[in-house]
Structures are given as structure tokens and as C-alpha cells.
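**Student:** sequence first, then the predicted structure, then my questions.
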Amino acid sequence: MANRRRETPAELTESWPDVPSRDAAGEKARQFALNLRTAIGDRSVRSVARDAGIDEGTIRNVLSGAAWPDLRTITRLESSLGRRLYPQ
């Protein structure tokens with residue numbers, strides 16, 4: 001039996017990231033992306049990625065809802081930005 005492709009966070013809402021997701025995991029990903037966007041502020045994604053030691057594309061994909069943030073990404077971003085990003 002073939003594995004079913006997992007939907008991206010953006011596919012779980014009508015309008016990423018403005019409309020809440022009815023899927024609990026999708027909503028956590030949406031809130032994380034919003035928190036990350038706020039934490040980045042006026043900085044460039046490139047500088048945040050460099051400081052966190054992760055790929056710039058990873059951050060862009062999380063912000064756009066094209067990818068799920070993994071634990072390593074969440075931890076490195078929270079540590080680098082000095083704030084909690086993952087929603088309670």
C-alpha cells in the first residue's frame with residue numbers, strides 16, 4: 001500500500017496564514033509561522049537562518065506553509081531568536 005502524501009500546513013486552511021485551520025496540527029503550524037514572522041521583524045530571513053544554523057529555504061517554506069517545522073528547526077529558531085515560537 002502506497003503512503004498517502006501529507007498535506008502541507010497551507011493546504012489545511014483557506015488562506016494561509018490569515019485564516020485559522022480546522023486541523024489542530026495545521027493550526028499549530030500556522031501560529032508558529034505567525035510567531036516566527038513577528039520574531040524576525042525587520043531582519044532578513046538570510047540573517048536569521050545564518051544565526052540559527054539552518055537553511056534559509058527551510059524558514060521560507062515554514063513561513064509560506066509549504067513545509068512542517070520539525071523539532072530541530074523549532075529549537076534552533078527559538079534559541080537563536082531568544083523567544084518561544086511554538087504555541088502553547
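**Tutor:** Right, received. Where do you want to start?

**Student:** state the mean pLDDT of the biggest helix by length in the chain.
**Tutor:** Assignment by DSSP state H gives helix 24-40 as the longest helix of the chain. Averaged over helix 24-40, pLDDT sits at 98.

**Student:** for that helix, buried residues please.
**Tutor:** Residues of helix 24-40 classed as buried: 26, 27, 28, 29, 30, 31, 32, 33, 35, 36, 39, 40 (neighbour count, 16 or more other Cβ atoms under 10 Å). The C-beta positions use only the backbone N, C-alpha and C, and glycine is treated the same way.

**Student:** what do you get for stretch 39-55?
**Tutor:** Per 16+ other Cβ under 10 Å, stretch 39-55 contains these buried residues: 39, 40, 45, 48, 49, 52, 54.

**Student:** give me the contact list for it.
**Tutor:** The list of residues contacting stretch 39-55 from outside it, by Cβ atoms under 8 Å, 6 or more residues apart in numbering, reads 56, 58-60, 63, 72-73, 76-77, 79-81, 83, 85.

**Student:** so what's the gap between that stretch and the chain middle?
**Tutor:** Relative to its chain's centre, stretch 39-55 lies at 13 Å (Cα atoms, centre = their mean, to the nearest Å).

**Student:** next: stretch 4-11.
**Tutor:** Its chain's C-alpha centre lies 14 Å from the corresponding centre of stretch 4-11 when counted by Cα atoms, centre = their mean.

**Student:** start and end of that stretch, how far apart?
**Tutor:** According to Cα to Cα, to the nearest Å, stretch 4-11 extends 15 Å from its N-terminal end residue to its C-terminal end residue.
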